[in-house]
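> Provided below are the primary sequence and the corresponding predicted coordinates.
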Amino acid sequence: MVLGTLMRFSFAAVACVFAALSVAGPAAADKEKKPKADRPLASVMSCLRGSKDLVVTARVGGGATVAPENSMAALNELLPYAAAMQIDVAAAVEGTLYLMRDATIDRTTTGRGGAGDVYWEDLKSLRLKNKYGVETDQPIPTFNEALDWSAGKAILLVDKRMGATWAEIIQAVKLKGAENRVIAMVRSPVEVAEIRRLSDKVGVRFDLTSADDWKRLRDLDVKSNTLIGWTSGAAKPELWKDAKKKVVVGYTTAGAAGKSYDETITASGDFNQYNWFAQQGVTFILTDNPQLASQSKNAKKGREHCLGR
């Protein structure tokens, strides 16, 4: 009887152990999986290139917000609609990187002077103006603040402005561990090669006007796993589709008054017209109407499928 009791106890104990392992095993494995938002950018780009996802990119310096351009308030205002944000990074005299588009601080702040000729000690006490020129309570953000904010939230497309260098910008990105969520906006193949020397993990957006642009990059032997070929102006479906075989493709739907796809689509009220770009090989769209573009089917999929946001 005692032996039977012990055997029943042993079998029960073993069963409990196996049950615990069967539950804990997958759970432990799930914990080890990286959230999509934390994956290397090369992995995200590979996923995007194999899909028809649309990544809505908002111009934080555009007319899409009530908040001032390049402000933390604008980033938060745009976040429900955009999976990526274009910001502008300048450098103060002593090297502090901060968000500023213009060559001077006159238009967008309560101060005056060249954007690269002012000390951060003076800049940090200023306040930003909105698009109507009215002073707000928003201070000028540093680049580090924007990098911290973007973690798990959005990809940042960074445009280098007054006083800043790519070496300084990429160093700041590395120190923040943000290479998986930053795309450097450059124009020429030579600049692409410069970014690649500084980091092989950050994304690089380059101007794509014809097949020759891709050939020049290939001649420079530049890694293409995080490249975005960007176009603007007239639609180029053939170029887009061909380029997407090698790189992710972007297109600017924003533009001057009377000359942008944003205006045409906004006037029609049919947000699904943005899906056409995804069908033609475009993944990233830079828009001044993310509120409308984000409602399209491909944009909703794009936010969740590859980006995990």
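On my side now, so go ahead.
> buried residues in stretch 261-271?
261-263, 265-266, 271 (16 or more other C-beta atoms under 10 Å). In this view, the C-beta of every residue, glycine as well, is placed from N, C-alpha and C.
> need the contact list for the nearest residue to Lys174 once chain neighbours are set aside.
The shortest distance from Lys174 to any non-neighbouring residue, by C-beta to C-beta, 6 or more residues apart in numbering, is to Ser199 (6.8 Å). With contact taken as C-beta atoms under 8 Å, 6 or more residues apart in numbering, Ser199 is in contact with 170, 173-174, 179.
> in the stretch 1-150 of the chain, where is pLDDT below threshold?
Where the stretch 1-150 of the chain drops to pLDDT under 70, the residues are 1-37, 62-63.
> could you rerun that using 80?
Where the stretch 1-150 of the chain drops to pLDDT under 80, the residues are 1-38, 61-65.
> next one: the stretch 201-309 of the chain
Counting by pLDDT under 80, the stretch 201-309 of the chain has low-confidence residues at 211, 214-222, 256-258, 309.
> quick revisit: restricted to helices, list the buried residues of stretch 261-271.
Filtering the buried residues of stretch 261-271 for membership in helices, criterion DSSP state H, returns 261-263, 265-266.
> just put these in JSON lines and tack on distance to Lys241.
Compiled in JSON lines, those are given as follows (distance: C-beta to C-beta, whole Å):
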{"residue": "Tyr261", "distance to Lys241": "18"}
{"residue": "Asp262", "distance to Lys241": "22"}
{"residue": "Glu263", "distance to Lys241": "25"}
{"residue": "Ile265", "distance to Lys241": "21"}
{"residue": "Thr266", "distance to Lys241": "26"}
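> about what we covered before: phi, psi of the residue nearest to Lys174?
Main-chain dihedrals, Ser199, degrees, to the nearest 10: phi -160, psi 140.
> who are the neighbours in contact with the nearest residue to Val118 once chain neighbours are set aside?
On the basis of C-beta to C-beta, 6+ apart, the spatially nearest residue to Val118 that is not a chain neighbour turns out to be Ala92, at 5.9 Å. Ala92 makes contact with 98, 116, 118-120, 123, 163, according to C-beta under 8 Å, 6+ apart.
> please repeat the previous calculation with a cut-off of 6 Å.
By C-beta atoms under 6 Å, 6 or more residues apart in numbering, the residues touching Ala92 are 118-120, 123.
> try Pro237
The contact partners of Pro237, taken as C-beta under 6 Å, 6+ apart, are Gln280.
> so how far is Trp276 from it?
Pro237 is 9 Å from Trp276, where distance means C-beta to C-beta, to the nearest Å.
> kindly report the same for Pro290.
Using C-beta to C-beta, we find Pro290 at a distance of 17 Å from Trp276.
> who has more neighbours out of the two?
Looking at Pro290 and Trp276 with other C-beta atoms under 10 Å, you find the greater number of neighbours at Pro290, namely 29 against 16.
> how distant is whichever helix or strand Trp214 is part of from the center of its chain?
Secondary structure from DSSP states H and E places Trp214 in helix 211-219. The chain centroid and the centroid of helix 211-219 are separated by 24 Å, computed with C-alpha atoms, centre = their mean, to the nearest Å.
> so who does Pro290 touch?
Contacts for Pro290 (C-beta under 6 Å, 6+ apart) come out as 56, 58, 64, 81-82.
> actually, Gly203.
Contacts were defined as C-beta under 6 Å, 6+ apart; by that measure Gly203 touches 41, 183, 226.
> try Val248
Contacts of Val248 were listed using C-beta under 6 Å, 6+ apart, and they are 45, 48-49, 228, 283.
> out of those residues, which sit inside strands?
With strands defined by DSSP state E, the entries of the contacts of Val248 inside them are Ile228.
> now the contacts of Val248 in a markdown table, with distance to Ser71?
Formatted as a markdown table, the entries for these read as follows, by distance: C-beta to C-beta, whole Å:
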| residue | distance to Ser71 |
| --- | --- |
| Met45 | 29 |
| Leu48 | 28 |
| Arg49 | 33 |
| Ile228 | 25 |
| Thr283 | 27 |
